[in-house]
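*Asks:* Just need the structure, nothing else, for what follows:
(2 chains, ligands or ions: 2)
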Amino acid sequence: MNTLFGEKKAQAEKLTFTSVEQYPEAPVSLGTTLSNFTGDWRTFIPVVDDNKCVKCYICWKFCPEPAIYIREDGYVGIDYDYCKGCGICANECPTNAITMEKEEK
Amino acid sequence: MAEYKPIRKVVSGNYAAAYAVKHARVQVVAAYPITPQTSIIEKIAEFIANGEADIQYVPVESEHSAMAASIGASAAGARAFTATSAQGLALMHEMLHWASGARLPVVMVDVNRAMAPPWSVWDDQTDSLSQRDTGWMQFYAENNQEVYDGVLMAFKIAETVNLPAMVIESAFILSHTYDVVEMIPQELVDEFLPPRKPLYDLADFSQPFSVGALGGPNDYYEFRYKIAKAMEDAVKVIKDVGKEFGERFGRDYSEMIEKGYVDDADFVFMGMGSLMGTVKEAVELLRKEGYKVGYAKVRWFRPFPKEELREIAESVKGIAVLDRNYSFGQEGILFNESKGVLYNTDARPIIKNYIVGLGGRDFTVPDVKAIAENMKKVIEAGKLDREVEWYHLKR
Ligand code: SF4
Ligand code: SF4
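*Replies:* Numbers count the residues shown, from 1 in each chain, chains lettered A, B, ... in the order given. Ligands and ions are numbered 1, 2, ... in the order given. As a prediction, this is how the structure comes out:
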């Protein structure tokens, strides 16, 4: 389901620093999202109905996590490793293409 | 290199700061007005309105936002400036940590003003010293000239070590009092202070990165060490930049503690900011009357000039630390720091704390003389009468 991000994540090495010199001078791009999966927090899961989606990308703009991406076919995909289930996307979608469903774990 | 011919202007300390901001080619100023800082920002606004300075001015609704906007601008690669006083500085506190933690060389003028209540707009160093542990460098100006010079040097130093810097001037005593200031022609400032080269540049879209990432227990510690190291390295940078400033413009700032008559002095007065102007005047007079006194004006409080203080302490019998500030439950802040520096050395002169001038209480040449009398007695007796003296207290 997450082919795009899945590939990127597979390519990216987990950033670990073993000596103080290796750290960047300022705390930027520490790669913490590689290990900090905010998807763990979720109770409700957004489900997108491509038939209703009009590709306006409002959901993509509003998502507070790096969880919504644009698929090659132009529809939106959701990276469930990072979607924390806040429901903002479902609330903002003008065509109600996104519904929040209780997640079965 | 063009020949240096200073431009003399009669300006207030606040206008001196504004001119330095213009000459430093600051790109973004975000500020909220607070007495006695306001006229810095008014003057900058005037420069912008007249087309004399190409600065993006961001009016904000509080000092917290002023610092947040300065941080944003600095992260985007701009040279950023703001100014504040007292409660405004306290409101920035959280964001001050952010600037140093993200290693952003924002420069700010704090016009020293007493914290309320009782409500006060007058001079007192407790506001800036309360920000001691935020990772900001602190330069205390004695006069309007040092405000101007301090802002220019602060940008250069801050951008070299990637830490923010505060230039501190006294409420009204400097901020609103006019004096001759020698300004530097723009092309020479440009040579001294070239455009900033940011460590990371958010506006560089070819290399996107995240700011303010999470640093767990496995990473946080190393970043604190890096700030500590940068502060340590700043000592040399400050001295080098101060020396370069002296070579180019005739006013040497290579000493972090400006000394006078120390070599053969029995004791010295030590303090920071405008009150040291009074002390210098008094020392001249006291010397004529046969007192063997000197002065040690602490210019940089952060990083703290440990080595220079140790050297002074080795050569004198006593140090009278004049604190226009107080840490409740302990003592004057400069006094506390100084004792700490000397503890692990053999240099242990008698060191006494005089709390003076809080909330703008006048501190005059006769006051310095009275303190000299007391200090002389203490040294002759070889022991302290009391460690901390509230000098002006109505008894
Ligand atoms: S539920 Fe929240 S986190 Fe998840 S995709 Fe929607 S907006 Fe993003
Ligand atoms: S907001 Fe709704 S319609 Fe717009 S792209 Fe997202 S899912 Fe599609």
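*Asks:* for chain A, what spans make up the helices?
*Replies:* A:3-11, A:58-62, A:88-92 (DSSP state H).
*Asks:* Of these, which shows the lowest average pLDDT?
*Replies:* Confidence, taken as mean pLDDT, is least for helix A:3-11 of the helices of chain A (a mean of 55).
*Asks:* And stretch B:355-362, what's buried?
*Replies:* Under the neighbour-count criterion of 16 or more other Cβ atoms under 10 Å in any protein chain shown, stretch B:355-362 has B:I355, B:V356, B:G357, B:L358, B:G359, B:G360, B:R361 buried. For the C-beta atoms, the positions are set from N, CA and C on the backbone; glycine is no exception.
*Asks:* bridging residues for the residue lying closest to B:M270 once chain neighbours are set aside?
*Replies:* Leaving aside its chain neighbours, B:M270 sits nearest to B:A296 (4.4 Å; criterion: Cβ to Cβ, 6 or more residues apart in numbering or on different chains). Taking DSSP bridges as the rule, B:A296 bridges to B:K259, B:M270.
*Asks:* Unless I'm misreading it, B:A296 sits right up against B:I312, doesn't it?
*Replies:* Yes - here B:A296 reaches B:I312: they are 5.3 Å apart, a contact under Cβ atoms under 8 Å.
*Asks:* And these two? Which one has more around it.
*Replies:* B:A296 (29 against 24; other Cβ atoms under 10 Å in any protein chain shown).
*Asks:* related to what we said a few turns ago, mind checking which of the buried residues of stretch B:355-362 are in strands?
*Replies:* Among the buried residues of stretch B:355-362, the ones falling in strands (DSSP state E) are B:I355.
*Asks:* ok, which pair from the buried residues of stretch B:355-362 is furthest apart?
*Replies:* Across the buried residues of stretch B:355-362, no pair lies farther apart than B:I355 and B:G360, at 13.8 Å, counting by Cβ to Cβ.
*Asks:* how long is stretch B:162-177 from one end to the other?
*Replies:* Using Cα to Cα, to the nearest Å, one end of stretch B:162-177 lies 32 Å from the other.
*Asks:* Now do that stretch, average pLDDT.
*Replies:* Rounded mean pLDDT across stretch B:162-177 is 98.
*Asks:* now swap in stretch B:301-318 and tell me
*Replies:* Averaged across stretch B:301-318, pLDDT comes to 98.
*Asks:* buried residues in it?
*Replies:* B:301-306, B:308-309, B:312-313, B:316-318.
*Asks:* could you pull out the helices for the stretch 251-395 of chain B?
*Replies:* Assigned by DSSP state H, counting those that start in this stretch, the helices in the stretch 251-395 of chain B fall at B:275-288, B:306-315, B:333-343, B:365-381.
*Asks:* export the buried residues of stretch B:301-318 to JSON lines and tack on distance to ligand 2?
*Replies:* Below are the buried residues of stretch B:301-318 laid out as JSON lines (distance: Cβ to the nearest ligand atom, whole Å):
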{"residue": "B:F301", "distance to ligand 2": "54"}
{"residue": "B:R302", "distance to ligand 2": "50"}
{"residue": "B:P303", "distance to ligand 2": "52"}
{"residue": "B:F304", "distance to ligand 2": "55"}
{"residue": "B:P305", "distance to ligand 2": "59"}
{"residue": "B:K306", "distance to ligand 2": "59"}
{"residue": "B:E308", "distance to ligand 2": "63"}
{"residue": "B:L309", "distance to ligand 2": "63"}
{"residue": "B:I312", "distance to ligand 2": "68"}
{"residue": "B:A313", "distance to ligand 2": "69"}
{"residue": "B:V316", "distance to ligand 2": "74"}
{"residue": "B:K317", "distance to ligand 2": "78"}
{"residue": "B:G318", "distance to ligand 2": "74"}
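*Asks:* Select, from the residues you listed, the two members most distant in space.
*Replies:* Distance extremes for these: the farthest pair is B:R302 and B:K317 at 28.1 Å, using Cβ to Cβ.
*Asks:* Grab the most central residue of chain A for me.
*Replies:* Nearest to the geometric centre of chain A sits A:A67, at 1.3 Å (Cα atoms, centre = their mean).
*Asks:* which element is whichever residue of the stretch 51-200 of chain B sits closest to ligand 1 on?
*Replies:* Closest residue of the stretch 51-200 of chain B to ligand 1, Cβ to the nearest ligand atom: B:G72 (24.0 Å). Here B:G72 sits within helix B:63-75, counting by DSSP states H and E.
*Asks:* Burial check on the spatially closest residue to A:I68 that is not a sequence neighbour, number of neighbours?
*Replies:* Distance criterion Cβ to Cβ, 6+ apart; nearest residue to A:I68, sequence neighbours excluded, is A:W60 at 4.6 Å. Using other Cβ under 10 Å, A:W60 has 15 neighbouring residues.
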